[in-house]
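Participant: sequence and predicted structure, then a few things I'm wondering about:
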Number of protein chains: 2
Amino acid sequence: MAWSQEHKIKTRQKILNSAAQLFTQNGFDHVGINDVMRHAGLTRGAFYTHFSSKAELYAESIVAAAMEIGHRTDPDHPDVPPLESIIKTYLSMEHRKGETLRCPLAFLTTDMTQRDEQVRNAYTRVFKGFVNNLGKHLEQQNGYADTQKSMQQAVMMIGGLAISRALNDDTLASELLDSCHAALTTQSN
Amino acid sequence: MAWSQEHKIKTRQKILNSAAQLFTQNGFDHVGINDVMRHAGLTRGAFYTHFSSKAELYAESIVAAAMEIGHRTDPDHPDVPPLESIIKTYLSMEHRKGETLRCPLAFLTTDMTQRDEQVRNAYTRVFKGFVNNLGKHLEQQNGYADTQKSMQQAVMMIGGLAISRALNDDTLASELLDSCHAALTTQSN
DNA sequence: GTCTATAGAAAGATAGAC
DNA sequence: GTCTATCTTTCTATAGAC
């Protein structure tokens, strides 16, 4: 049946979108399958026809959450802002709040140490894509690639945001984000 | 009774040491009070005469875990190695494994976003101490303080290690740690 | 202070009706 | 495909014996 097939795909997407939001906001352990399904307008029992386990959903959610941000930062796509602008948005107090923007690399960093292979693989692939994107920006800017510099930029962005979220002091967090921003724009590029 | 008082203090310390180890290795949600007490050679029921809640234990554990590393890196103490050596140890695959060395700032970063005030305050205090220590090293080296540079160093160390632990790819993780090391030693200090 | 026993709640996963 | 109901496990926290 073409119709029910299509309906199933749409339902799956709704579950995945709900999961991406809830997981990045609260982490794996503080989101139940119940929460995800309710957020998607369904109930518990319907879950396992779409995903085989909570971990599988989590792995796919990380990729889904990354793609939401990814297509806004890929320099191969049209109308993507310059690196300077991307960095500023990434290292913002807005992103730290996590209401409108949530990079899974920064929001779920230490969460990964407790997860299984499939989840960690998803995170690793997303990280490689992130570094690769930074590398393309750098190459457009300077004419040559430099993986090491791209990794340093990635750490300064992801690490800076992750730590700022851990701090229970808005002033300090803001100073920290500013320091990271300065490191990324002041240095000899 | 002086004897039972002293015994209680020693028991408390044993619980705290066990907690510091288990929590930094596995995070808040994957360590039960049962695990901590068993590791300390006791049973569940004895816990609540020493701590009022799991969160209180967690907060104190973070400080305890930090002090284990702290006194080895404080430039005011005698026989503390130079910054270059500290950075190398911090950004090592050994530290990434977490068997002998575990900085709570890097091991528990995103875990903090789900915790209550007392826990987040403990983390924040430890982070301030970390940055302060780096600042003293920098001042000894260059003759002047630079908080922004110290924060950047902290992010490169903590963030680099945290991300390397999230990656499910030893080669990539090693490259990442090397990149962070290079950023901290190559730059114009 | 430390023990065993248990209350009470939450959550992953499954069974079976519709 | 989605629902309600349930099995099973896990864990914080407390009660009461010694």
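Facilitator: Nice, thanks for sending it over. Numbering: from 1, shown residues only, chains lettered A, B, ... in the order given.
Participant: just the helices in chain A please.
Facilitator: With helices called from DSSP state H, chain A shows them at A:2-26, A:33-39, A:54-70, A:83-90, A:93-97, A:104-107, A:117-142, A:147-166, A:170-186.
Participant: do you know how far the residue in chain A that DNA strand D sits nearest to is from residue A:177?
Facilitator: Residue nearest to DNA strand D within chain A: residue A:45 (2.1 Å; C-beta to the nearest atom of the strand). C-betas here are computed from N, CA, C, even on glycine. Distance of residue A:45 to residue A:177, given as C-beta to C-beta, to the nearest Å: 43 Å.
Participant: re earlier: worst mean pLDDT among the helices of chain A?
Facilitator: Lowest mean pLDDT within these: helix A:2-26, at a mean of 93.
Participant: around DNA strand D, pick out the residues from chain A.
Facilitator: Proximity of chain A to DNA strand D (C-beta under 7 Å from any atom of the strand) is limited to residues A:4-5, A:7-8, A:11, A:37, A:42-46, A:49-50.
Participant: quick one: which two of these are the most distant?
Facilitator: Using C-beta to C-beta, the two most remote members of the residues of chain A next to DNA strand D are A:5 and A:44, lying 23.1 Å apart.
Participant: higher neighbour count, those two?
Facilitator: The neighbour count for residue A:5 versus residue A:44, taken as other C-beta atoms under 10 Å in any protein chain shown, is higher for residue A:44 (13 against 9).
Participant: list the contacts of the more buried one.
Facilitator: Listed by C-beta atoms under 8 Å, 6 or more residues apart in numbering or on different chains, the contact set of residue A:44 reads A:33-34, A:37.
Participant: cool, and residue A:18?
Facilitator: A:36-37, A:39-40.
Participant: which of those sits closest to residue A:136?
Facilitator: Distances from residue A:136 to those, taken by C-beta to C-beta, are shortest for residue A:36, at 33.8 Å.
Participant: what about that closest one, how many residues close to it?
Facilitator: Residue A:36: 27 surrounding residues under other C-beta under 10 Å.
Participant: ok, it to chain B distance?
Facilitator: In this view, residue A:36 and chain B are 17 Å apart by C-beta to the nearest C-beta, to the nearest Å.
Participant: and that residue, what is it in contact with?
Facilitator: A:15, A:18-19, A:22, A:47, A:57.
Participant: which pair in those spans the largest distance?
Facilitator: Maximum distance among the contacts of residue A:36 (C-beta to C-beta): 13.4 Å, for A:22 and A:47.
Participant: alpha carbons of stretch A:98-115, in CSV - could you do that?
Facilitator: C-alpha atoms of stretch A:98-115 as CSV (Å, rounded to 0.1, in the frame of the first residue of the first chain):
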residue,chain,number,x,y,z
GLY,A,98,19.8,25.6,23.7
GLU,A,99,16.3,26.8,22.9
THR,A,100,16.7,27.4,19.2
LEU,A,101,20.0,25.9,18.3
ARG,A,102,21.6,22.7,19.7
CYS,A,103,24.8,21.3,18.2
PRO,A,104,24.9,17.6,19.3
LEU,A,105,28.7,17.6,19.3
ALA,A,106,28.7,20.1,22.2
PHE,A,107,25.5,19.2,23.9
LEU,A,108,26.2,15.4,24.1
THR,A,109,30.0,15.3,24.4
THR,A,110,30.6,13.3,27.6
ASP,A,111,27.3,11.5,27.1
MET,A,112,29.0,9.4,24.4
THR,A,113,31.4,7.7,26.8
GLN,A,114,28.5,5.6,28.2
ARG,A,115,27.0,4.6,24.8
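Participant: tell me the residue of chain A that sits nearest chain B?
Facilitator: Shortest chain A-to-chain B distance, computed as C-beta to the nearest C-beta: residue-wise this is residue A:159, at 1.5 Å.
Participant: could you pick out which of the residues of chain A next to DNA strand D are near DNA strand C?
Facilitator: Among the residues of chain A next to DNA strand D, proximity to DNA strand C is found for A:44-45 (C-beta under 7 Å from any atom of the strand).
Participant: now render the residues of chain A next to DNA strand D as JSON lines, adding distance to residue A:110.
Facilitator: Shown next, in JSON lines, are the residues of chain A next to DNA strand D (distance: C-beta to C-beta, whole Å):
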{"residue": "A:4", "distance to residue A:110": "41"}
{"residue": "A:5", "distance to residue A:110": "39"}
{"residue": "A:7", "distance to residue A:110": "38"}
{"residue": "A:8", "distance to residue A:110": "35"}
{"residue": "A:11", "distance to residue A:110": "32"}
{"residue": "A:37", "distance to residue A:110": "27"}
{"residue": "A:42", "distance to residue A:110": "31"}
{"residue": "A:43", "distance to residue A:110": "32"}
{"residue": "A:44", "distance to residue A:110": "28"}
{"residue": "A:45", "distance to residue A:110": "32"}
{"residue": "A:46", "distance to residue A:110": "32"}
{"residue": "A:49", "distance to residue A:110": "32"}
{"residue": "A:50", "distance to residue A:110": "28"}
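Participant: so which of the residues of chain A next to DNA strand D is the closest to DNA strand C?
Facilitator: Distances from DNA strand C to the residues of chain A next to DNA strand D, taken as C-beta to the nearest atom of the strand, are shortest for residue A:45 (3.6 Å).
Participant: how many residues are close by that closest one?
Facilitator: 9.
Participant: mind checking pLDDT for it?
Facilitator: On pLDDT, residue A:45 comes in at 95.
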